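Sequence first, then the predicted structure, then my questions.
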Amino acid sequence: MNRITAKTNRILFTHSDPEAAQTAWEESSELGEPVHLDRKTGFGFKKPLYSSTRFLKSQPCSLSVRAPRHLSEHPHVPSLVHHTPLPLSRSRFSAKAQLDLTTHCNASCYHKGEDIDKEHLTEQLAFETLYADGSRTLTTVDLDDDDDIVNDIIPTPSIRKKHKAPPSPHKRMRRQIYGPDGRFNIRGDHFLLDYPFSTAVRISTGCTGVLVSQQHVLTAAHCVHDGKDYVKGARKLRVGFLIPPSTNSTKQGQTSLKKPLVRWVRVKRTRVPKGWIQGQQDVSMDYDYALLELRWAHRRPFMRLSVAPTSDDLAGKRIHFSGFDSDRPGELVYRFCPVEDESNDLIYQHCDARPGASGSGVYGRVWDNTLERWERKVIGIFSGHQWLEINGENHDYNVAVRFTPLKFAQICYWVHGNRADCSQD
């Protein structure tokens, strides 16, 4: 596990627990004392706050309990009025699963969420429900009469960063990997079964998902639907829970060489927003998320949802996610990185990722006013890769869907089945 030692007048954070090391980095950022994190060696350093080695060893690696200095107000979460589901024809399950989603966007699509009208919003937030027997329904929604000011519902992010030039081609090892590979394999039952890594699950179509309740998993919509039809694997969709090798082995010394097994659970119901189901030619990452309801409840910890704050309101201005990247079969892979930019609907970043990581729950440490502390919360879903053309220049990003107040309200209703439990915090 993580440890702190005084060494040559520095504090050493071991990377045997990569997220704990990143926590130390974020704590130092909150206190204005940056840690230099070396991804190759796995260590980070900063000057000690105290000279006593005994005191240093006694302190846990945790975030400061201080609230951010310029915390934005929690956005208003609107109420959605759901109408009676309408029956649809049965799905043909004719689409092929696409694990590597790439889109192109220009200035008009980058800013489109800022000028959207209320009628269009309600069309996008309607949703399909796919049942285990292949039947489908369509549920339309309206905004509550009290939520009629669209600009108050989905505020434009206050941050509009200057777009950086994309990494030079010779520095790009593979698409979706930016420079040196900054991903970490998570191994051993003391990490695989520990929060937050235990919230990552496999999707039988080849993607990743994140546990958001005792019976619900969030993933990317393109993992189950291509914009026109459900993928073939969605007919008997399953969610896989990792079982560390030590729980299936009688020889302790050999467990570190074995990869975890997977226990599969059938999906009872799948929900996809109408904003995604528009035909392939109009496919947009803005609504690339889907909720899976399991046939049976699980007993693992899950991660709470949150409306995505601006990056200024994230601890360390960083995001994290763990997924099952295709180039590391059988391994759970963790990564973190700063937010580079954000539109109304998307989070732009250079977190290293490969196909298979799609659908990972993107989380950050968000200040919880009720608990008065930083809490990990899912603020988006990793979608894929996007070329963004701004002012005649192409910029290269990995992209996550950003949970606006309306998307939060929609997903929360899917999970809880009522509006009463769907207020922020």
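In hand now; what should we look at?

CA atoms for contacts and neighbours, from now on please.
Noted.

Report the mean confidence score over the strand ranked longest in the chain.
As assigned by DSSP state E, the longest strand anywhere in the chain is strand 373-390. Average pLDDT, strand 373-390: 93.

I'd like to know which elements it is packed against.
strand 102-106, helix 107-110, strand 361-368, strand 393-402 (3 or more C-alpha pairs under 8 Å, 6 or more residues apart in numbering; DSSP states H and E).

what's around S79, how many residues?
By other C-alpha atoms under 10 Å, the residues close to S79 number 23.

So for it, what's the nearest residue that isn't a sequence neighbour?
Computed as C-alpha to C-alpha, 6 or more residues apart in numbering, the closest residue to S79 that is not its neighbour in sequence is D144, at 5.5 Å.

Of the helices and strands packed on strand 373-390, which is nearest P273?
strand 393-402 (12.8 Å; C-alpha to C-alpha).

Run through who's touching that closest one.
For strand 393-402, the external contacting residues (C-alpha atoms under 8 Å, 6 or more residues apart in numbering) are 163-167, 176, 285-289, 308, 344-353, 362, 379-389.

buried set for that strand?
N394, H395, D396, Y397, N398, V399, A400, V401, R402 (16 or more other C-alpha atoms under 10 Å).

follow-up on the earlier one: between the helices and strands packed on strand 373-390, which has the poorest average model confidence?
Looking at these, the bottom one is helix 107-110 with a mean of 76.

Could you name the helices and strands sitting against that helix?
Helix 107-110 packs on strand 373-390, going by 3+ C-alpha pairs under 8 Å, 6+ apart.

got the angle for the strand it packs on vs strand 102-106?
70 degrees (axes from the mean of the first three to the mean of the last three C-alpha atoms, to 10 degrees).

Apply the buried test to the contacts of strand 393-402 and list what passes.
Judged by 16+ other C-alpha under 10 Å, buried ones among the contacts of strand 393-402: 176, 285-289, 308, 344-353, 362, 379-389.

before we move on, back to that, using JSON lines, please lay out the helices and strands packed on strand 373-390 together with distance to A132.
Compiled in JSON lines, those are given as follows (distance: least, C-alpha to C-alpha, whole Å):
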{"stretch": "strand 102-106", "distance to A132": "29"}
{"stretch": "helix 107-110", "distance to A132": "35"}
{"stretch": "strand 361-368", "distance to A132": "24"}
{"stretch": "strand 393-402", "distance to A132": "26"}
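
Kindly provide the distance from Y363 to I381.
Taking C-alpha to C-alpha, to the nearest Å as the measure, Y363 falls 9 Å from I381.

oh sorry, the question was meant for D286
10 Å.

What of A221?
10 Å.

what touches both of the two?
In contact with both A221 and I381: D288, Y289, G359, using C-alpha under 8 Å, 6+ apart.

Please name the nearest non-neighbouring residue to D229.
Closest to D229 by C-alpha to C-alpha, 6+ apart is A95, at 5.8 Å.

Please consider this matter closed, and thank you.
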